[in-house]
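Visitor: next come a sequence and a model predicted from it.
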Amino acid sequence: MNTYEVQSWLDRFGAAWIGRDPELIGELFSDSAAYFETPFSPPLLGKSAIRRYWEGSLANARLFAHFSAQIWAITSPIVIAGWQAGAPSGRPTGQAAIDGVFRLGFSRHASGLICESLDMWWHHQEI
């Protein structure tokens with residue numbers, strides 16, 4: 001696993017977030033993936049559950065104009081990354097700025113990296 005592969009996965013995750021695309025989110029995870037939105041939330045287990053969660057949460061979600069992520073550490077198969085999402089240029093739009101951390105577990109498939117586990121910590125600020 002290298003930086004390019006991980007950043008590509010993070011960029012696809014961001015594109016799915018901004019594009020509100022549960023199908024793309026589903027492509028990023030394995031059939032048996034575990035997805036923790038917060039440290040204390042029950043895990044979403046499997047690609048189908050993750051996709052259904054995204055379909056439901058997108059119906060009421062705020063529109064975000066940007067998503068960025070930075071790789072902090074790769075200790076194969078685990079990756080730690082920081083991420084941010086929010087409104088462009090910090091303009092007051094009634095949206096939130098979010099800053100978070102991922103702990104991701106990957107495996108390699110023919111199509112590239114696939115996420116086996118995602119743990120997320122995040123905080124938001126209304127802007």
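Guide: Now that the structure is in, tell me what you want to look at.
Visitor: CA atoms for contacts and neighbours, from now on please.
Guide: Will do.
Visitor: show me what counts as buried in the helix or strand of the chain with the lowest mean pLDDT.
Guide: Within the chain, no helix or strand scores below helix 47-59, which has a mean of 84 by mean pLDDT, DSSP states H and E. For helix 47-59, burial by neighbour count (16 or more other CA atoms under 10 Å) applies to 47, 48, 49, 50, 51, 54, 55.
Visitor: looking at this, residue 39 is in a strand?
Guide: No: read with DSSP: H, G, I helix; E, B strand; the rest coil, residue 39 is coil and lies in no strand.
Visitor: that one contacts residue 118, correct?
Guide: No: shown here, residue 39 and residue 118 do not form a contact pair, counting by CA atoms under 8 Å, at 10.4 Å.
Visitor: who's more crowded, the two?
Guide: residue 118 (21 against 11; other CA atoms under 10 Å).
Visitor: contacting residues for the more buried one?
Guide: Taking CA atoms under 8 Å, 6 or more residues apart in numbering, we find residue 118 in contact with 33, 34, 35, 36, 37, 102, 103, 104, 105.
Visitor: and after the least confident helix or strand of the chain, which helix or strand comes next?
Guide: strand 66-75 (DSSP states H and E).
Visitor: by contact count, what packs against the helix or strand following that following strand?
Guide: Using DSSP H and E, the next helix or strand after strand 66-75 towards the C-terminus is strand 78-86. Here strand 78-86 touches strand 66-75, strand 96-109, going by 3 or more CA pairs under 8 Å, 6 or more residues apart in numbering; DSSP states H and E.
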